[in-house]
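Participant: Just a sequence and a predicted model for now, questions to come.
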Amino acid sequence: MKLYCEVEVVSRHLPTLGLRNRGKGVRAVVSLCQLRGPAKSEPTGPRPACLLVSTLKDRRGTRYEQLKENIEQFFTKFVDEGKATIRLKEPPVDICLSKADPGSLKSFLSALRLAHRGCDINTSLSTLTSVKSSEFEKFKTKMIITCKKEYPLSKNFPYSLEHLQTSYCGLIRIDMRMLCLKNLLKLDLSHNHIKKLPATTGDLIHLQELDLSDNHLESFSVAFCQSALQKSLRRLDLSKNRIKALPVQFCQLQQLTDLKLDDNELIQLPFKIGQLKNLRFLSAARNKLPVLPSEFKNLSLEYLDLFGNTFEQPKTLPVIKLQVPLSLLESTARTMLCKRIPYASHLIPFHLCQDLDTAKTCICGRFCLTSFIQGTATMNLHSVAHTVVLVDNMGGTEAPITCYFCSLTCYINSSDMFK
């Protein structure tokens, strides 16, 4: 029985000698092997098992022969992330396992528990031999596939992959085997025919870069935006698809620094786009954007490309939807948002949460739901970006932006914006 992972063997004697552990694991094959003869104390009992830790530099491995009643403790809090620690009594070492397949790790630990109790292990154990060099190929961290012939159909992707590219493979959906690669940092699925993202894409909790350019996506998954990727995803390429709009929840991907939306059918950007505080590179060229959302002015970009959009001229007459006096719902919502009172669907009805999520921000900083004045102004894009690609062939760097006013007073005080 073998486990492919990274291993660090930590001696508990080192701190008493004033020494430190190296603090870094190495790629290894951890084998649960069966010794040739039965235990001397129990000649008729099950043959004893031992633990063999083999690395590429030491393929013969380090052997820990005594397992029965010799495991002091198992540390399995992070076993679902492929991590665990086995603490031996003698020798006094901690065998720290990481970057393992969670399913394989759980099975391996179950077998170790049986060995610790001296029970028969109902699993075929490995022979006590040196590990072949070819077995370390399973630690491959990068795989690039650029045609259908190279795409693996009969075997799984190496679990240790950190960078996977499968381009020009004719994929119509994301292979579920990819979503088991918990160590994946970069996933390139460009130049395929993918139409939809599965809800479980967010299970790739360490993913930093995702390239879905040149596919057939028509919408973007809300579940993806609300997954653990909110904390990890930094680069997202959705260019050359068929997306018309992104969900409100898209702006919960707070760690995004690089976003490409070129050559889609976007008729609007997420109106809460100003919440992407870490965004530095934004490209949304050749779409159908008539106007920018009001919170666009809150961005702080290094590079911006909005060339080839169908921007409209600012409207001189505003849209007036003021309610006097304010409804109880409007007044309460404004107070909650102003005071930053937390809310969730288990506290208030779900539709009210949606109303609060889609609240508009007045230029004075206050909020409004259904009572407001809406206008359009012109914004110089250099006010939000250091480098701006010309909006049109005429050399312009200005674009229309939607503005909201929570009261007539705010509108009058800002009326020079519409002159």
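Facilitator: Yes, it's here. Residues are numbered from 1 along each chain as shown.
Participant: which SS state does Pro400 fall under?
Facilitator: strand (DSSP: H, G, I helix; E, B strand; the rest coil).
Participant: That one pairs with what?
Facilitator: Thr378 (DSSP bridges).
Participant: Then Ser98?
Facilitator: Glu6.
Participant: my read: it touches Leu3, true?
Facilitator: No - at 11.2 Å, Ser98 does not count as touching Leu3 under the criterion of Cβ atoms under 8 Å. (Glycine included, C-beta is placed from N, CA and C.)
Participant: out of the two, which sits in the busier spot?
Facilitator: Leu3 (22 against 17; other Cβ atoms under 10 Å).
Participant: is it true that the more buried one lies in a strand?
Facilitator: Yes - if the criterion is three-state DSSP, then Leu3 is within a strand.
Participant: residues contacting it?
Facilitator: 29-32, 97, 100, 104-105, 108 (Cβ atoms under 8 Å, 6 or more residues apart in numbering).
Participant: now Phe405
Facilitator: 318, 362-364, 372-375, 411, 414.
Participant: thought Ala284 was touching Gly308?
Facilitator: No - using Cβ under 8 Å, Ala284 is not in contact with Gly308, being 9.6 Å away.
Participant: Residues contacting the longest helix along the chain, please?
Facilitator: Longest helix of the chain, by residue count under DSSP state H: helix 102-117. The contact list for helix 102-117 (Cβ under 8 Å, 6+ apart) reads 1, 3-5, 30, 32, 48-49, 51, 67-71, 74, 76, 79-82, 84, 86, 97, 100, 120-121, 123, 159, 182.
Participant: neighbour-wise, which of Ala284 and Gly308 wins?
Facilitator: Ala284 (23 against 19).
Participant: Check the gap between the closest residue to the more buried one other than its chain neighbours and Met176 for me.
Facilitator: Excluding its sequence neighbours, the residue lying closest to Ala284 (Cβ to Cβ, 6 or more residues apart in numbering) is Leu261, at 4.2 Å. Going from Leu261 to Met176 by Cβ to Cβ, to the nearest Å gives 27 Å.
Participant: quick one: which of the two has more around it?
Facilitator: Leu261 (24 against 9).
Participant: Correct me if wrong: the more buried one contacts Phe281.
Facilitator: No - Leu261 lies out of contact with Phe281 (Cβ under 8 Å); the separation is 11.3 Å.
Participant: where do the helices sit along the stretch 151-300 of the chain?
Facilitator: Listed in chain order, the helices of the stretch 151-300 of the chain (DSSP state H, counting those that start in this stretch) span 222-225.
Participant: what residue ranges in the chain score low on pLDDT?
Facilitator: Flagging of the chain using pLDDT under 70 yields the residue ranges 15-23, 35-47, 122-130, 133-138, 415-419.
Participant: With adjacent residues omitted, what lies nearest to the residue nearest to the spatial centre of it?
Facilitator: Nearest residue to the geometric centre of the chain (Cα atoms, centre = their mean): Leu229, 2.7 Å. In this structure, Leu229 finds its nearest non-sequential neighbour in Gly202, 5.2 Å apart by Cβ to Cβ, 6+ apart.
Participant: residues near the one you found, how many?
Facilitator: Gly202 has 21 nearby residues by other Cβ under 10 Å.
Participant: cool, the one 4 residues further on as well?
Facilitator: Here the count is done by other Cβ under 10 Å, and His206 has 16 residues near it.
Participant: Pro92 now?
Facilitator: 12.
Participant: one step back: what's near enough to touch the residue nearest to Ala284?
Facilitator: 238-239, 243, 282-284, 287.
Participant: just to revisit the earlier point, mind putting the contacts of Phe405 into a markdown table with neighbour count, distance to Ala223 and secondary structure?
Facilitator: Putting these into a markdown table (neighbours: other Cβ atoms under 10 Å; distance: Cβ to Cβ, whole Å; DSSP: H, G, I helix; E, B strand; the rest coil) gives the following:
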| residue | neighbour count | distance to Ala223 | secondary structure |
| --- | --- | --- | --- |
| Pro318 | 17 | 37 | coil |
| Cys362 | 20 | 32 | coil |
| Ile363 | 18 | 34 | coil |
| Cys364 | 14 | 35 | coil |
| Phe372 | 26 | 31 | coil |
| Ile373 | 21 | 35 | strand |
| Gln374 | 17 | 31 | strand |
| Gly375 | 24 | 35 | strand |
| Tyr411 | 23 | 39 | helix |
| Ser414 | 17 | 39 | coil |
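Participant: Mind picking the one among those residues that's closest to Ile401?
Facilitator: Gly375 (9.7 Å; Cβ to Cβ).
Participant: Not counting its neighbours along the chain, what's nearest that closest one?
Facilitator: Per Cβ to Cβ, 6+ apart, closest to Gly375 is Pro318, 4.1 Å.
Participant: Wait, Leu56 touches Arg27, no?
Facilitator: Yes - because the distance of 6.6 Å satisfies Cβ under 8 Å, Leu56 is recorded as touching Arg27.
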